[in-house]
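Enquirer: requesting a structural model of the entry that follows:
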Amino acid sequence: MKPDDVRADIPLLKDVIYLDAASTTPTPKPVIDAICDYFYNYNSNTGRGAYKLAVNASEKFDKARLTIAEFLGCLEEEIIFTKNTTEAINLVANGLDFKKGDSIIVPNIEHHSNLVPWLNLKKRGINVKIIKADEFGVVNPADVEKAVDKTTKLITVTHISNSIGSVQPIDEIGKIAYDNNSLYMLDAAQSGGHVKLDLKQINADFVVFPGHKGFLGPVGTGFLYCDQEKADNIFPMNLGGGTILDVTEDSFTLDSSPARFEGGTQNIAGIIGLEAAVKYIDKIGINKIEKHGNKLTKIMFEEISSIKNTICYGDPENIYGIVSFNINNINSHDVAKILDEFQNICVRSGHHCAIPAMRHIGAYKLGGTVRTSLHYYNNKEEIQILADVVKKVSESFGDKK
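Expert: Purely as a prediction, here's the structure:
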């Protein structure tokens, strides 16, 4: 499939230039069709009935787990469905048996979802060690290694920064975790569906994914990859229907993973849609998506950074899918509104749920940044239109104080 083929499957793109993939992506028709098929033809609960509709729904739901596992090269039992990346991170943060005195290593450029849950553990006597990234938002593995000691329980890092797109050396950090017998978590919110991930090479015990970003899936979907050997070390936070093997008036016995973590009725239609989305990504080809994304990212950075009165963040040789920038003397929200009003260009503005990262790159007092983020459906023509409007805004307002 070519980018134009994907654009044809997303009617929304006829009316807008959509450059907010880091927040969410528009949904292709085949994904919507899969969701509608569930509602039209076998809308029933999973694992609850012996009648044909329920059996069909259960089989489709289980097939979705298998499809995702095969795409990532892991066991289907290692895929735990959640409603988003944040829930997946919190499942691990609140489910692991941290002891007073344990320590967690986390960079200072993380999305709040991969920082606040760990900071919250400080009230239980857990030590959170913050690693500072360099000026381009990249973590030095040597700094991680220096921070590791016998108290280190877990190292967690994002793969691609949601605020500036900087790509982290995840393999090296994973090796440090492995060599020191520490747990390792990867936040793949901005890389899942964009770049090829080899879970075994990463050496991660936990990897969290959203369905609604790189995978082009529906909102309200996500999943946690949990190494099969680590699942029993996590206590589920959502107990009840579907998580239990047996119950007496005095005690209960948990089911095995992933069932023990998926209490209650799941987002069945959403997960079925997610499977269709993963198949869609696979049909395009993850290598083609990554190559296209790298090419457009460089073009976008070059175009915007060449405009007078603008500043772009990150190293253009080590960012993917995201270009974060500011125009002198103009609030980021105002720039975003102008882009929308002038050419229906959809971008994100502000702190991007990454306030420490904004402080780190010097953009906090500027109100954050304007963040452009792309996917396979974007093209060079859209990038040029974006650059033309940014240039006009810069020339009209950028010199004014």
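Enquirer: quick one, phi psi at the most centrally placed residue in the chain?
Expert: Closest to where the C-alpha atoms of the chain average out (Cα atoms, centre = their mean) is residue 189, at 1.0 Å. Backbone dihedrals for residue 189, given as degrees, to the nearest 10, come out at phi -60, psi -30.
Enquirer: just confirm it contacts residue 158, I think it does.
Expert: Yes. If you go by Cβ atoms under 8 Å, residue 189 and residue 158 touch, sitting 7.1 Å apart. (Glycine included, C-beta is placed from N, CA and C.)
Enquirer: which neighbours do the two share?
Expert: residue 111 (Cβ atoms under 8 Å, 6 or more residues apart in numbering).
Enquirer: domain parsing for this structure?
Expert: For the chain, the structural domains run 29-283, 285-396, going by automatic domain parsing.
Enquirer: closest one to residue 17 among those?
Expert: Ranking the domains of the chain by their distance to residue 17 (criterion: Cβ to Cβ) puts domain 285-396 first, at 4.5 Å.
Enquirer: ends of the closest one, how far apart?
Expert: 42 Å (Cα to Cα, to the nearest Å).
Enquirer: so, low pLDDT: which residues of the stretch 251-400 of the chain?
Expert: Scanning the stretch 251-400 of the chain for pLDDT under 70 picks out the ranges 398-400.
Enquirer: what sits up against stretch 325-343?
Expert: Under the criterion Cβ under 8 Å, 6+ apart, residues 17, 304-305, 309-313, 345-350, 363, 366-370, 372, 385-386, 389-390, 392-394, 397-401 lie in contact with stretch 325-343.
Enquirer: narrow those residues to those in helices?
Expert: 304-305, 385-386, 389-390, 392-394, 397 (DSSP state H).
Enquirer: neighbour-wise, which one of those leads?
Expert: residue 390 (25 neighbours; other Cβ atoms under 10 Å).
Enquirer: enumerate every residue touching that residue.
Expert: By Cβ under 8 Å, 6+ apart, residue 390 lies in contact with 304, 307, 310, 325, 327, 335, 339.
Enquirer: now those: which count as buried?
Expert: Among the contacts of residue 390, those classed as buried by neighbour count (16 or more other Cβ atoms under 10 Å) are 304, 307, 310, 325, 327, 335, 339.
Enquirer: which stretches of the protein form helices?
Expert: Along the chain, the stretches classed as helices by DSSP H are 3-8, 29-41, 52-72, 85-95, 116-119, 141-147, 170-179, 199-202, 268-284, 286-305, 332-343, 355-360, 380-397.
Enquirer: now residue 125. Its backbone dihedrals?
Expert: When read as degrees, to the nearest 10, the backbone of residue 125 gives phi 90, psi 20.
Enquirer: and it, how far from residue 102?
Expert: As judged by Cβ to Cβ, to the nearest Å, residue 125 and residue 102 stand 8 Å apart.
Enquirer: which one of those two has more residues nearby?
Expert: Using other Cβ under 10 Å as the criterion, residue 125 and residue 102 rank with residue 102 on top: 17 against 11.
Enquirer: now that one: how far from residue 124?
Expert: In this view, residue 102 and residue 124 are 9 Å apart by Cβ to Cβ.
Enquirer: pull the CA atoms of stretch 233-252 into CSV?
Expert: Presented in CSV, the C-alpha positions along stretch 233-252 are these (Å, rounded to 0.1, in the frame of the first residue of the first chain):
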residue,chain,number,x,y,z
ASN,A,233,4.9,-11.0,40.1
ILE,A,234,2.1,-8.5,39.4
PHE,A,235,-1.1,-8.4,41.4
PRO,A,236,-4.1,-7.2,39.4
MET,A,237,-5.8,-4.0,40.3
ASN,A,238,-9.2,-4.7,38.8
LEU,A,239,-10.5,-7.8,40.5
GLY,A,240,-13.9,-9.4,39.7
GLY,A,241,-15.6,-11.1,36.7
GLY,A,242,-13.2,-12.9,34.4
THR,A,243,-10.2,-12.8,36.7
ILE,A,244,-11.0,-15.6,39.0
LEU,A,245,-10.8,-19.4,38.9
ASP,A,246,-12.5,-20.1,42.2
VAL,A,247,-14.1,-18.2,45.1
THR,A,248,-15.2,-19.2,48.6
GLU,A,249,-16.7,-17.1,51.3
ASP,A,250,-13.2,-16.6,52.7
SER,A,251,-10.8,-16.5,49.7
PHE,A,252,-10.3,-16.6,45.9
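Enquirer: thinking again about what came up before, quick one, which of the helices of the chain is nearest to residue 217?
Expert: Closest approach to residue 217 among the helices of the chain (Cβ to Cβ): helix 268-284, 3.6 Å.
Enquirer: in the closest one, what counts as buried?
Expert: Neighbour counts over helix 268-284 (16+ other Cβ under 10 Å) mark 268-281, 284 as buried.
Enquirer: show residues contacting stretch 288-298.
Expert: For stretch 288-298, the external contacting residues (Cβ under 8 Å, 6+ apart) are 3, 165, 193-196, 281, 316, 319-323, 374-376, 378-380, 383.
Enquirer: buried residues in it?
Expert: By 16+ other Cβ under 10 Å, the buried positions in stretch 288-298 come out as 289-290, 292-293, 296-297.
Enquirer: circling back to that earlier point, can you list the buried ones among the contacts of residue 390 in JSON lines and add distance to residue 34?
Expert: Below are the buried ones among the contacts of residue 390 laid out as JSON lines (distance: Cβ to Cβ, whole Å):
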{"residue": "304", "distance to residue 34": "37"}
{"residue": "307", "distance to residue 34": "42"}
{"residue": "310", "distance to residue 34": "41"}
{"residue": "325", "distance to residue 34": "37"}
{"residue": "327", "distance to residue 34": "41"}
{"residue": "335", "distance to residue 34": "37"}
{"residue": "339", "distance to residue 34": "33"}
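Enquirer: out of the residues you listed, which is nearest to residue 148?
Expert: Distance to residue 148, by Cβ to Cβ, is smallest for residue 325 among those, at 35.0 Å.
Enquirer: nearest spatial neighbour of that closest one, skipping sequence neighbours?
Expert: residue 312 (4.6 Å; Cβ to Cβ, 6 or more residues apart in numbering).
Enquirer: now that neighbour: how far from residue 193?
Expert: Counting by Cβ to Cβ - residue 312 and residue 193 are separated by 24 Å.
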